[in-house]
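J.: turn this into a model:
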Amino acid sequence: MNPFELHRICMLMEPEPGNRMEVEGVLNPAATRGPDGHLYLFPRMVAKDNYSRIGIARVVFDGAGEPRHVERLGVALHPEAPYERCSNGGGGCEDARVTFVEPLGHYVMTYTALSDRGPRIAFANSEDLIHWRRLGLATFEPFEGIQIDDVDNKDASVFPVAVPDPSGKPALAILHRPLFRGTRPEEINGDPETRVIDLHRESIWISYRDMDIKDGSQSRLCHFTSHRRLAAPVETWERLKVGCGAPPVLTRHGWMLLYHGVSEIGHEKHKRRFRYSAGVMVLSAENPSKVIYRSPDPVLTPELSQERQGTIANVVFPTGVDRRDDLGSPDRYDVYYGMADTRIGVASLTVPETLPPWSPMAPSRSKLAISPPGDSAEIPPGPSKTDPSQHEALPAGKP
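T.: Numbers count the residues shown, from 1 in each chain. Predicted structure coming up:
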């Protein structure tokens with residue numbers, strides 16, 4: 001039995017009839033408590049042609065304190081900045097994560113900004129969760145000669161407190177998922193059943209920047225100076241790629257991270273079919289670049305019809321987490337997740353008293369090299385996520 005098993009509570013949110021901003025789905029919400037103590041969600045609202053906004057909603061609880069439905073409050077971000085818009089009229093603000101960062105004294109939103117360059121990580125901040133100020137795109141120092149700024153990137157979230165960087169100095173840390181060329185599931189050839197662990201598949205990375213902002217410019221928060229790969233696909237259920245889910249939360253065992261993993265489940269009409277499942281990772285409280293536990297099996301897999309049928313089939317995608325201190329249950333966490341890229345569900349998780357035994361698998365020599373952008377490669381890049389015709393076929397179409 002998995003000690004971190006999630007228990008579904010309900011389907012919380014689905015596209016509102018007649019709402020043109022949600023005709024293709026409402027999904028993948030950030031979740032955070034506001035200054036007033038209420039729980040707010042920031043869902044991705046998808047209009048026609050995959051045009052996405054980030055909405056605002058307040059969760060409504062029943063008499064027992066269980067989440068039951070939401071009150072829509074409007075839109076936090078429309079695609080307005082140049083890095084959120086495409087020349088063909090498309091674009092998007094997608095898949096927000098929101099964290100109250102204690103050293104800064106305000107909320108930080110990370111989200112995927114979609115433009116002609118492709119998906120990139122963007123930042124915004126707020127003091128009240130209603131009014132948001134854009135800070136710009138995340139920028140990165142080169143990594144082993146690779147300009148990470150030129151690489152598609154998604155699924156970012158920040159830690160709520162300063163953590164030690166590789167040199168031991170207090171730093172703002174971000175988790176993210178660079179999409180290096182040649183690492184996407186649809187670009188990987190060979191039978192996944194027989195392949196060795198490949199550290200260059202889509203993986204979770206951690207990057208740092210110092211917390212010393214002498215000039216007071218919040219935009220400097222967007223520049224990260226050191227990086228390392230935190231976790232690569234290992235288990236069968238995540239063999240094709242892993243990515244960040246809900247922002248990290250500090251538990252008795254360390255930083256708990258809900259993340260997603262992808263595996264192949266066969267072919268249909270000459271198209272590969274994939275499953276997105278959710279897992280739990282625990283990072284060291286003293287050194288969050290060190291993984292001390294990963295769930296060998298998923299804690300949540302697509303089972304309900306709402307999770308198996310939708311814009312992209314067979315998807316559960318955790319993006320928000322809420323510790324239930326309001327119920328006097330600090331070990332209970334409610335997890336808000338996307339259902340088949342169409343709806344939003346919520347499930348509960350209780351942190352166990354002790355972590356089960358876990359041993360990291362030994363890294364193996366990579367079979368794929370990371371190709372810097374623009375370099376020729378034998379494996380061609382996959383179809384764009386913005387092409388709606390690819391939604392059922394490719395996880396590249398999945399945020």
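
J.: quick one: residue 149 is in a helix?
T.: Yes: remark: residue 149 belongs to a helix, assigned using DSSP: H, G, I helix; E, B strand; the rest coil.

J.: who touches it in this structure?
T.: If you count contacts by CB atoms under 8 Å, 6 or more residues apart in numbering, residue 149 has them with 139, 140. From N, CA and C alone the C-beta is placed, and that goes for glycine too.

J.: likewise residue 275?
T.: Applying CB under 8 Å, 6+ apart, we find residue 275 in contact with 237, 262, 263, 264, 265, 301, 302, 314, 315.

J.: separate out the buried members of these.
T.: Restricting the contacts of residue 275 to buried positions leaves 237, 262, 263, 264, 301, 302, 314, 315, with burial counted as 16 or more other CB atoms under 10 Å.

J.: what's the longest strand seen in the chain packed up against?
T.: For the chain, the longest strand by residue count, based on DSSP state E, is strand 254-268. Here strand 254-268 touches strand 241-244, strand 249-251, strand 271-283, strand 316-324, going by 3 or more CB pairs under 8 Å, 6 or more residues apart in numbering; DSSP states H and E.

J.: now for the residue lying closest to residue 334 once chain neighbours are set aside, how many residues are close by?
T.: Excluding its sequence neighbours, the residue lying closest to residue 334 (CB to CB, 6 or more residues apart in numbering) is residue 322, at 4.6 Å. Residues contacting residue 322 under the criterion other CB atoms under 10 Å number 23.

J.: how near is residue 322 to residue 116?
T.: In this view, residue 322 and residue 116 are 36 Å apart by CB to CB, to the nearest Å.

J.: my read: the residue nearest to residue 334 touches residue 31, true?
T.: Yes: counting by CB atoms under 8 Å, residue 31 is a contact partner of residue 322 at 5.3 Å.

J.: what is in contact with those two at once?
T.: Contacts common to residue 322 and residue 31, judged by CB under 8 Å, 6+ apart, are 39, 334, 336.

J.: what residues does stretch 34-44 touch?
T.: Here stretch 34-44 makes contact (CB under 8 Å, 6+ apart) with 13, 25-33, 52-59, 61, 67, 70, 73, 76, 93-96, 98, 109, 127-129, 320, 322, 326, 336, 338, 344, 399.

J.: rewinding a little: buried residues in the longest strand of the chain?
T.: For strand 254-268, the neighbour count (16+ other CB under 10 Å) marks 254, 255, 256, 257, 258, 259, 260, 261, 262, 263, 264 as buried.
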